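Chemist: Structure for this input, please:
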Amino acid sequence: MIASIVGSALHAGAAAAALSAPLAPGVVLTRYAAALSALHEPRTFTVEYTLEQTGTRSLEQTHRIFRRGPDERDETIAVNGTRATAPTIRIFRGHPYRYTVTRLAPAPARYAFTYLGIVLDGRHADYVFALTPKGSPGDFTLTRVSIDGISFLPAAIVFETFANSGKGGVTFAKVGPWWVATGASASARVPGGVANERLTFANWRFPASLPASTFAVARPLPEALTIPG
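Modeler: Below is the predicted model:
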């Protein structure tokens with residue numbers, strides 16, 4: 001989805017002709033605001049993600065995370081294609097999840113939306129809008145959003161950062177009953193060149209609960225006693 005938005009032509013006229021009843025931009029934005037207002041996001045879930053870094057360094061890691069509310073368990077289960085015998089485990093308390101729709105979706109109160117056109121995938125349409133901050137832009141600014149033509153939730157966002165001339169995007173889709181992130185990418189200038197990073201999310205699970213032990217820090221085994229001879 002990001003590839004179809006960043007640096008690609010928007011087939012506005014052809015898409016409109018192919019759709020039996022394309023919606024007016026104002027109607028899309030009204031439905032978008034209503035969908036965001038009604039959105040519920042999972043508080044308990046597990047997901048795996050692959051982190052790929054290229055440019056100034058090359059690294060690939062696979063993580064499995066468990067979340068319950070603000071608590072997170074992060075297991076590093078593979079590095080550069082090698083599966084870990086014992087995962088590296090980190091526990092975070094009071095740690096907001098970065099990739100929620102609520103956290104990332106552009107709010108009509110904060111951005112002006114300018115209609116650009118429709119992107120088609122078969123008979124499915126996404127409505128694409130350029131974004132302009134209504135106030136002073138911060139270090140992190142959204143520049144474009146693609147709104148899913150069925151759920152009217154964001155299918156993709158594109159952003160820029162003032163620091164390091166950064167840019168990137170996040171994609172979303174429906175998994176089970178939930179609208180969740182499926183991928184993210186970013187690039188920025190750093191000493192020595194340009195750093196690129198890509199995240200791919202997979203294997204989403206939504207259990208009713210997770211045991212408290214999931215978020216307990218493992219205690220080291222007691223050291224063996226040395227008995228004087």
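Chemist: Can you show me the strands along this protein?
Modeler: For the chain, the strands defined by DSSP state E occupy 44-54, 59-68, 71-79, 82-92, 111-121, 124-133, 140-148, 154-161, 166-175, 178-190, 193-205.
Chemist: and the ones you listed, which one's lowest on average pLDDT?
Modeler: Mean pLDDT is lowest for strand 82-92 among the strands of the chain, at a mean of 89.
Chemist: Pull up the pairing partners for that one, direction included.
Modeler: With DSSP bridges as the test, strand 82-92 is paired with strand 71-79 (antiparallel).
Chemist: got a pLDDT number for I2?
Modeler: Predicted confidence (pLDDT) for I2: 38.
Chemist: Ok, T226 next?
Modeler: pLDDT, T226: 44.
Chemist: One more: A218?
Modeler: As predicted, A218 sits at a pLDDT of 63.
Chemist: likewise the one 5 residues further on?
Modeler: Per-residue pLDDT puts E223 at 51.
Chemist: out of the strands of the chain, nearest to P211?
Modeler: Nearest to P211, of all the strands of the chain, is strand 59-68, at 9.4 Å by CB to CB. From N, CA and C alone the C-beta is placed, and that goes for glycine too.
Chemist: now the closest one, how far from the centre of its chain.
Modeler: Relative to its parent chain, strand 59-68 has a centroid offset of 13 Å by CA atoms, centre = their mean, to the nearest Å.
Chemist: Show me which positions of stretch 138-153 end up buried.
Modeler: Neighbour counts over stretch 138-153 (16 or more other CB atoms under 10 Å) mark 141-149, 151-153 as buried.
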